[in-house]
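From the sequence below, what's the structure:
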Amino acid sequence: MPGTGTNGSGVSDNGGGSDKGVGSDKGGGSDNGGAALEGVALLERFHAAVNSGDPRLAMKAIDEFVAPDVDFRPPVPMGEAGARALKRVWETLLTAFPDIRVTVEETVAEGDRIVSRNTVTGTHLGDYRGLAPTGRTVEYGEIFIFRVADGRITEIRGVVDVLAQLRQLGVAPS
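This next block holds a predicted model:
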């Protein structure tokens with residue numbers, strides 16, 4: 001995904017939801033130094049893999065970009081820990097929403113932390129946590145904080161608007 005540039009504060013804004021990825025201006029201009037820009041670039045590559053719709057590519061990206069013992073606390077308990085939990089989340093999402101797309105709306109990078117505000121879209125075409133396919137399209141927001149060390153994601157914290165997702169699928173009241 002091509003970069004969109006950061007202002008001097010390490011903030012990248014994709015201007016209203018364009019699908020340009022998290023972006024970073026590799027030519028400098030960030031006060032955060034190389035570590036922040038490397039983390040943003042890593043996140044760009046990760047999102048490109050999961051947006052491919054190819055589960056094998058997504059799993060390979062997790063193996064490449066995420067530490068095996070990543071401190072990951074998914075918004076919905078998965079019964080797994082570390083990179084395995086992240087793989088399980090993406091297996092679930094790619095099965096249920098094969099056309100899932102994470103559009104990065106805004107990124108803030110400072111030191112070893114990257115905050116990513118995203119919009120997720122997809123069509124419910126496969127089983128999702130026991131819910132048969134509805135054919136409905138969902139769109140919901142999420143915000144994640146990533147910590148990057150030694151070229152890998154070592155911590156993930158996030159908030160996902162699961163209620164909006166479930167409402168759009170017709171399983172939660174509006």
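
what's downstream of the top strand by length along the chain, the next helix or strand?
What stands out as the longest strand in the chain, according to DSSP state E, is strand 137-149. Once the chain leaves strand 137-149, the next helix or strand it forms, by DSSP states H and E, is strand 152-160.

tell me which residues of that next one are tucked away?
Neighbour counts over strand 152-160 (16 or more other Cβ atoms under 10 Å) mark 152-156, 158, 160 as buried. The way it works is simple: take the backbone N, C-alpha and C, and place the C-beta from them, glycine included.

List the contacts of it.
42-43, 46, 65-67, 70-76, 86, 120, 140-148 (Cβ atoms under 8 Å, 6 or more residues apart in numbering).

And the next helix or strand after it, what does it pack against?
Counting by DSSP H and E, the element after strand 152-160 in chain order, helix or strand, is helix 162-168. Under the contact definition 3 or more Cβ pairs under 8 Å, 6 or more residues apart in numbering; DSSP states H and E, helix 162-168 sits against strand 137-149.

Mind listing what's buried along the strand it packs on?
Across strand 137-149, burial judged by 16+ other Cβ under 10 Å covers 138, 140, 142, 144, 146-148.

and if you look at stretch 162-174?
Neighbour counts over stretch 162-174 (16+ other Cβ under 10 Å) mark 164-166, 168-169 as buried.

So which elements touch the top helix by length along the chain?
Criterion DSSP state H: the longest helix present in the chain is helix 33-50. The contact analysis (3+ Cβ pairs under 8 Å, 6+ apart) places helix 33-50 against helix 55-65, strand 101-110, strand 113-123, strand 137-149, strand 152-160.

Switch the ones you listed over to JSON lines; also include mean pLDDT and distance to Leu131.
Output for the helices and strands packed on helix 33-50, formatted as JSON lines (pLDDT from 0 to 100; distance: least, Cβ to Cβ, whole Å):
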{"stretch": "helix 55-65", "mean pLDDT": "97", "distance to Leu131": "19"}
{"stretch": "strand 101-110", "mean pLDDT": "96", "distance to Leu131": "20"}
{"stretch": "strand 113-123", "mean pLDDT": "97", "distance to Leu131": "13"}
{"stretch": "strand 137-149", "mean pLDDT": "97", "distance to Leu131": "12"}
{"stretch": "strand 152-160", "mean pLDDT": "96", "distance to Leu131": "16"}
